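# Kindly generate the corresponding structure for this input.
(one chain, ligands or ions: 1)
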Amino acid sequence: MSMTIAKKSRGLLKNITIVITGASSGIGKSLSLALAPFKPNLVIVARREKKLQQTAYQLKKQKVKHVSIVGDVRNREDRENIIEKTLNTFGRIDVLVNNAGLGKASLFLEQPEQEIDELIETNILSLIKLTHSVLPIMKEQGEGQIINLSSTLALLPTYPFAVYCATKSAVKTFSDCIREEVREYGIRVSTVLPGPYNTEFNQVANIGRSDFKGYAVEKLVKKIIKLILKPKDNLIQPWQFIPVAWVAKISNSFKKKVTSSIAESILNAKIKTSLEPETKVEKKEEIKVLAH
Ligand SMILES: NC(=O)c1ccc[n+]([C@@H]2O[C@H](COP(=O)([O-])OP(=O)(O)OC[C@H]3O[C@@H](n4cnc5c(N)ncnc54)[C@H](OP(=O)(O)O)[C@@H]3O)[C@@H](O)[C@H]2O)c1
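Predicted structure coming up:
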């Protein structure tokens with residue numbers, strides 16, 4: 001974003017209430033911090049209290065009005081709490097960023113049922129339910145924006161990510177469907193489809209300990225801020241994935257080539273990670289202790 005756009009738009013986001021799920025790391029954390037200079041009202045959500053506090057501390061230093069909520073989006077009471085606290089504190093919800101999510105690299109035939117539940121419940125069921133609760137509030141306000149995190153893997157689905165890809169395709173389809181239903185109430189629905197970015201995603205997906213590198217999130221979150229300032233239906237990032245997804249749509253052989261090369265690099269990363277398992281253990285224990 002150019003300096004001029006940034007300066008001009010600062011005023012536009014001032015006191016706009018933005019709820020961001022999954023703000024303890026990665027895209028959600030980066031987005032929260034990148035929004036700080038615009039002085040919105042921020043509501044940040046995640047399960048790991050200590051990590052979420054680190055985001056909150058950065059916001060406090062920059063004098064951003066914010067509420068941090070330790071919660072699991074899969075939990076109905078926690079979702080109700082997000083809405084109640086946001087309305088009690090700021091009186092409205094202008095933007096909901098459904099960002100909380102995870103992947104698990106696994107061959108489907110080997111995937112434990114518990115992982116399947118976790119992926120479906122977090123990535124799609126919670127997102128649909130939170131959106132379902134927030135839309136009536138936005139309808140009453142006469143405006144609002146829902147931003148749903150899908151993935152470029154929704155356009156280039158591949159193993160060993162079958163369930164993850166299915167959830168992210170569902171996010172895209174769900175967003176496409178509700179978009180036209182709620183447009184007449186002044187509500188915009190946007191889907192973000194990121195390619196591979198350097199966050200905790202790989203670590204959680206069990207492909208962390210490898211040379212499987214992604215892009216830096218800074219550019220992506222700038223684009224998401226632009227999306228809030230000027231809503232559009234879909235944001236595919238980085239831009240290189242736009243022509244790839246387009247050609248894959250019209251050429252099955254090209255799509256197969258791309259998806260099998262993605263599958264190969266994920267499988268290699270998974271094999272390397274399984275040889276050095278300590279990273280995923282660290283992450284799992286932290287969540288077990290701090291989640292409620
Ligand atoms: N990075 C990529 O390459 C990539 C590509 C395409 C799409 N995406 C999508 O982008 C979103 C953000 O991922 P990321 O890359 O930033 O990964 P990340 O660094 O692992 O962040 C995921 C965030 O979601 C939160 N979260 C997970 N389960 C949750 C739950 N049940 N309740 C509340 N919060 C939960 C995590 O916090 P706690 O663990 O503290 O709860 C964390 O803050 C995800 O939806 C992901 O699928 C990422």
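
# Quick one: distance of stretch 136-150 to the chain centre.
Centroid displacement of stretch 136-150 relative to its chain, using Cα atoms, centre = their mean, to the nearest Å, is 16 Å.

# and what of stretch 125-139?
With Cα atoms, centre = their mean, you get 16 Å for stretch 125-139.

# Just the CA atoms of that stretch, as CSV, please.
This file holds the C-alpha atoms of stretch 125-139, laid out as CSV (Å, rounded to 0.1, in the frame of the first residue of the first chain):
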residue,chain,number,x,y,z
LEU,A,125,-18.3,-25.6,11.1
SER,A,126,-17.1,-22.9,13.5
LEU,A,127,-16.7,-20.4,10.7
ILE,A,128,-20.3,-21.1,9.5
LYS,A,129,-21.7,-20.9,13.0
LEU,A,130,-19.9,-17.6,13.9
THR,A,131,-21.0,-16.1,10.6
HIS,A,132,-24.5,-17.2,11.3
SER,A,133,-24.5,-15.4,14.6
VAL,A,134,-22.8,-12.3,13.4
LEU,A,135,-24.9,-11.7,10.2
PRO,A,136,-28.1,-10.7,12.0
ILE,A,137,-26.1,-8.0,13.9
MET,A,138,-24.7,-6.7,10.6
LYS,A,139,-28.1,-6.8,9.0
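
# Just say helix, strand or coil for the residue in the stretch 51-200 of the chain positioned nearest to the ligand.
Closest to the ligand within the stretch 51-200 of the chain is residue 101: 2.3 Å, counting by Cβ to the nearest ligand atom. Bear in mind the C-beta positions are built from the backbone N, C-alpha and C, glycine included. Three-state call for residue 101 (DSSP: H, G, I helix; E, B strand; the rest coil): coil.

# and it, what does it touch?
By Cβ atoms under 8 Å, 6 or more residues apart in numbering, the contact set of residue 101 is 22, 122, 123, 127, 149, 167.

# any idea how far residue 254 is from the third one?
Remark: distance between residue 123 and residue 254 (Cβ to Cβ, to the nearest Å) = 27 Å.

# Could you do the fourth one as well?
From residue 127 across to residue 254, the span is 30 Å (Cβ to Cβ).

# Have a look at those two and say which one is more surrounded.
Neighbour count, other Cβ atoms under 10 Å: between residue 127 and residue 254, residue 127 has more, with 27 against 13.

# in which helix or strand would I find that one?
helix 126-141 (DSSP states H and E).

# Sheet partners, orientation included, of the helix or strand just after that helix?
Remark: after helix 126-141, the chain's next helix or strand is strand 144-149, criterion DSSP H and E. Strands adjacent to strand 144-149 in the sheet, as given by DSSP bridges, are strand 95-98 (parallel), strand 187-194 (parallel).

# could you dump those strands to JSON lines with mean neighbour count, distance to residue 17 and mean pLDDT?
Converted to JSON lines, the strands paired with strand 144-149 look like this (neighbours: other Cβ atoms under 10 Å; distance: least, Cβ to Cβ, whole Å; pLDDT from 0 to 100):
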{"stretch": "strand 95-98", "mean neighbour count": "28", "distance to residue 17": "7", "mean pLDDT": "99"}
{"stretch": "strand 187-194", "mean neighbour count": "23", "distance to residue 17": "14", "mean pLDDT": "98"}
